[in-house]
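how would this look folded up:
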Amino acid sequence: MVHEVVSVSLGSRRGDQEVEAEFLGQRFRLRREGTDGDVRRAEQRIRELDGRVAAIGLGGIDLYLVAGGRRYVVRQALRLARAARTTPVVDGSLLKHTLERRAVRWLDDEGILPLRGRRTLLVSAVDRFGMAEALVERGADVLFGDLIFGLGLPIPIRTLGRLRLLARLMLPIVAWLPTTWFYPTGRAQEVNRPRGERFFRWAELLAGDFHYLHRHMPSQVEGAAVLTNTVRAHHREWLRERGVRLLITTTPELGGHSFATNLMEGVLVTLSGKRPEALTEAEVLSLLERLGWRPRVAPLL
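This is a model prediction of the structure:
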């Protein structure tokens with residue numbers, strides 16, 4: 001038996017791919033399908049897949065934004081998730097809270113990327129609060145770029161306390177807005193428009209969502225390390241040209257690609273045999289330990 005997990009993404013179709021893999025003795029077929037930012041097409045595709053696949057991932061959009069123990073439902077994503085009546089729909093938030101937090105600690109513990117005092121730009125923390133907390137916990141000098149890159153305001157956030165406060169004020173509003181207002185979808189993911197260059201140049205570590213990094217990274221970030229996910233093979237050369245010395249991806253590499261957290265979360269949920277809302281953090285961590293997923297560390301220079 002082959003379990004099929006499909007990520008229906010608002011991203012460009014140019015990133016579509018399919019791979020077969022085995023996890024804990026079970027065979028999987030993983031597929032990513034872009035819809036070029038067409039929300040209606042994504043909703044229709046989810047309806048078509050419902051009941052036919054093991055799990056469906058939401059790509060290019062978060063179902064939940066989390067900050068300081070509070071969770072905010074993104075209305076546009078909720079509409080997509082409700083298009084599936086039987087098949088579990090996941091957005092990657094479980095893995096962002098667990099796998100990415102573990103990845104940060106592992107990199108520090110192993111001495112691969114010592115974090116104390118390291119100047120770090122996390123381009124968006126509200127969709128990766130686990131990573132944000134782990135970076136601060138390990139003593140990194142973190143600048144959160146949510147206002148800079150999400151809302152176009154050149155205001156860095158320097159503490160988790162301020163981030164939580166801003167999140168409580170703004171996320172209830174942001175959750176009602178179309179995703180395209182604050183996140184690149186469709187062909188916009190392929191366009192590089194540098195923003196916040198002085199923050200990129202300040203940082204030794206660039207972390208967070210790759211589409212934000214790709215969208216806003218300047219032509220040179222010489223010597224920087226990048227901690228991200230959803231990296232295609234051709235992105236490595238793009239990063240190398242900008243002077244990135246080290247690429248670290250939090251999800252396993254399959255067929256030469258690092259797949260999105262929503263797709264890999266679909267694998268996790270399928271292996272658990274439970275609905276995603278029924279999974280506890282302890283169960284997720286136990287599964288991750290059995291799977292042995294570790295960050296992939298690739299020198300580029």
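
switch to C-alpha atoms for all contacts and neighbour counts from now on
OK.

In terms of pLDDT, where does residue 258 sit?
Residue 258 carries a pLDDT value of 82.

should've said residue 179
Listed pLDDT for residue 179 reads 78.

mind checking how far it is from residue 75?
10 Å (CA to CA, to the nearest Å).

ok, these two, which is more surrounded?
Legend: neighbour count by other CA atoms under 10 Å for residue 179 and residue 75, higher for residue 179 (21 against 18).

Following the host helix or strand of residue 235 in sequence, what is the next regular element?
Taking DSSP states H and E as the criterion, residue 235 maps to helix 233-241. Heading C-terminal from helix 233-241, the first helix or strand you meet, by DSSP H and E, is strand 246-249.

partners of whichever helix or strand comes after that next one in the sheet?
Moving toward the C-terminus from strand 246-249, the first helix or strand encountered (DSSP H and E) is strand 253-254. Take DSSP bridges as the rule and strand 253-254 pairs in its sheet with strand 257-258 (antiparallel).

Figure out how far the partner strand is from the centre of its chain.
Here strand 257-258 is found 12 Å from its chain centre; the criterion is CA atoms, centre = their mean, to the nearest Å.

repeat for stretch 86-97
11 Å.

now swap in stretch 201-209 and tell me
Relative to its chain's centre, stretch 201-209 lies at 15 Å (CA atoms, centre = their mean).

just stretch 24-36 next, same as before
Offset of stretch 24-36 from its chain centre (CA atoms, centre = their mean): 16 Å.

Would you map the helices across the chain?
Counting by DSSP state H, the chain has helices at residues 39-49, 75-81, 93-109, 129-137, 160-174, 197-202, 210-216, 233-241, 261-272, 281-291.

any idea of the mean pLDDT in the longest one?
Averaged over helix 93-109, pLDDT sits at 95.

just the angle between it and helix 129-137, please?
Angle, helix 93-109 to helix 129-137, by axes from the mean of the first three to the mean of the last three CA atoms, to 10 degrees: 20 degrees.

ok, and what's touching helix 93-109?
The contact list for helix 93-109 (CA atoms under 8 Å, 6 or more residues apart in numbering) reads 62, 64, 113-115, 127-131, 133-135, 138, 250, 261-262, 265, 281, 284-285, 288, 294-295.

rewinding a little: who does the helix holding residue 235 touch, helix- and strand-wise?
Judged by 3 or more CA pairs under 8 Å, 6 or more residues apart in numbering; DSSP states H and E, helix 233-241 is in contact with no other helix or strand.

Quick one: closest of the helices of the chain to residue 55.
Residue 55 lies closest to helix 261-272 among the helices of the chain, at 5.3 Å (CA to CA).

Please state the offset of the closest one from the chain centre?
Centroid separation for helix 261-272 versus its chain: 14 Å, with CA atoms, centre = their mean.
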